[in-house]
Structure formats: structure tokens, C-alpha cells
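1. Following is a predicted model, sequence given first.
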Amino acid sequence: WPATPAPTPTSQVPPTRTPSAQATSPPTPCTLAPAESFATAYAEGQIAERLGCPLGEADTTAAAFQPFEKGLMFWRDNEKTVYVLGTDGVWSRHGDTWNGSQPAYDATLTPPQGLQQPVRGFGKVWREQLGGPQAAIGWALTEEQGYELLTKSFAGGQMFLGPRGKTYVLYKDRTWDSGK
């Protein structure tokens with residue numbers, strides 16, 4: 001996928017959770033198989049049908065993950081991108097424009113007890129693009145966690161592994177699922 005920023009929320013048309021009609025012709029066999037780490041999730045339900053065939057080999061990159069009250073954030077170093085996955089089944093992609101000369105957090109914001117304000121790149125996206133304390137994903141539940149992310153592109157989206165080996169499937173229609 002090209003590393004272009006997602007449209008601003010005011011110009012986005014919210015995706016629907018209803019899969020679009022699929023052609024009824026028999027599927028064409030893929031020339032590449034999904035990476036072994038993704039094979040089980042790829043075979044679940046309609047994931048393979050919606051993703052289509054793999055495009056190239058799997059790739060790894062430095063990454064970070066942070067759970068929120070109503071969603072998750074992932075940062076991918078190879079794209080300098082933050083992915084926001086909401087519990088509503090919709091995902092968005094935002095450029096990571098934070099740098100070390102900027103404040104890591106907003107000192108005027110106090111999270112509710114037991115929750116945290118996201119910091120650095122996650123915090124900047126959360127405050128400036130998602131609405132901060134009013135963000136649909138809520139406040140962070142824990143600190144961000146760095147890890148090495150395995151990812152694979154497909155004709156209809158991408159799959160990647162979370163820090164505990166859980167598979168996340170991001171479809172081009174801006175909806176997402178998680179596999180085993």
C-alpha cells in the first residue's frame with residue numbers, strides 16, 4: 001500500500017460492516033500462499049475471500065501497540081504510520097508526524113483513574129486527529145509496547161501480527177477483523 005495519509009475524518013465516508021456482493025465465479029488459485037504465521041487466520045470464515053491473494057512475501061518492521069478503552073493503536077516504523085482499530089470494526093490510518101522536539105504528552109489533560117494519556121506518536125494522533133479525551137477509542141488502558149511486527153499485503157487488504165501473536169486483518173474497505 002502506498003504510504004499516503006488517510007483522508008481527514010470530515011471527508012471520509014464511514015465504511016459499512018456489510019460485505020459487498022461477491023462474484024460467484026470460482027476463485028482463481030493464488031500463486032503465493034499466505035505466510036505460515038497467517039495461514040490459520042486466512043482460512044477462517046470469509047477472510048481469504050475478502051483479502052484475495054497475497055502480494056509478495058511477508059515483511060517485518062519495528063512496531064508499537066497500545067490498547068484503548070474502545071480500540072487499539074499500532075505504529076509501523078517502515079511506514080511511519082499509526083493504525084487505529086476501533087471496537088466498531090472500522091480502522092483508520094494516520095501519518096506519524098511526532099518528533100522528539102515536540103512534547104510527548106499534553107500536561108493539561110488528566111486521564112480518569114486507571115487510564116493513561118497516550119504519548120509521542122500515538123498521543124499526537126489521539127489528540128490532534130481523533131479528538132483527545134472525546135476520541136471514540138477512549139483513553140489508553142496501558143503504556144505502549146514495542147515489538148517486531150510481521151505483516152503481509154493482499155489484493156484486498158493486509159494482515160499483521162499483534163505483540164502476542166494475534167492476527168489482525170485490515171480490509172481495503174476500512175473494516176477489520178481479528179483471527180486466532
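-> Arrived safely, thanks for sending. Numbers count the residues shown, from 1 in each chain.

2. Nearest residue to the middle of the protein?
-> For the chain, residue 83 is the residue whose C-alpha lies nearest the centre (Cα atoms, centre = their mean; 3.8 Å).

3. Just confirm that residue is within a strand.
-> Yes: assessed by DSSP: H, G, I helix; E, B strand; the rest coil, residue 83 belongs to a strand.

4. Does it touch residue 71 like I think?
-> No: applying Cβ atoms under 8 Å as the test, residue 83 and residue 71 come out as separate, 10.2 Å apart. In short, each C-beta sits where N, CA and C put it, glycine included.

5. for the protein, what spans make up the strands?
-> 59-68, 71-76, 81-86, 91-95, 145-154, 157-161, 167-171, 176-178 (DSSP state E).

6. Just give me the neighbour total for residue 111.
-> 14 (other Cβ atoms under 10 Å).

7. and it, what does it touch?
-> 117, 139, 140 (Cβ atoms under 8 Å, 6 or more residues apart in numbering).

8. how close does it get to residue 123?
-> Counting by Cβ to Cβ, to the nearest Å, the separation of residue 111 from residue 123 is 11 Å.

9. ok, now residue 42?
-> Applying Cβ to Cβ to residue 42 and residue 123 gives a distance of 33 Å.

10. So these two - more neighbours on which side?
-> Each of residue 42 and residue 123 had its neighbours counted (other Cβ under 10 Å), and the higher figure belongs to residue 123 (24 against 21).

11. where do the contact lists of residue 111 and residue 123 overlap?
-> With Cβ under 8 Å, 6+ apart, residue 111 and residue 123 have common neighbours residue 117.

12. Let me see the mean pLDDT of the lengthiest helix in the chain.
-> The longest helix of the chain (DSSP state H) is helix 120-128. In this model, helix 120-128 has an average pLDDT of 96.

13. next one: stretch 29-36
-> pLDDT averaged over stretch 29-36 gives 83.

14. From residue 124, how far off is the residue nearest to the centre of the chain?
-> The spacing between residue 83 and residue 124, counted by Cβ to Cβ, is 14 Å.

15. Hmm, residue 81 and residue 95 touching each other?
-> Yes: counting by Cβ under 8 Å, residue 81 is a contact partner of residue 95 at 6.2 Å.
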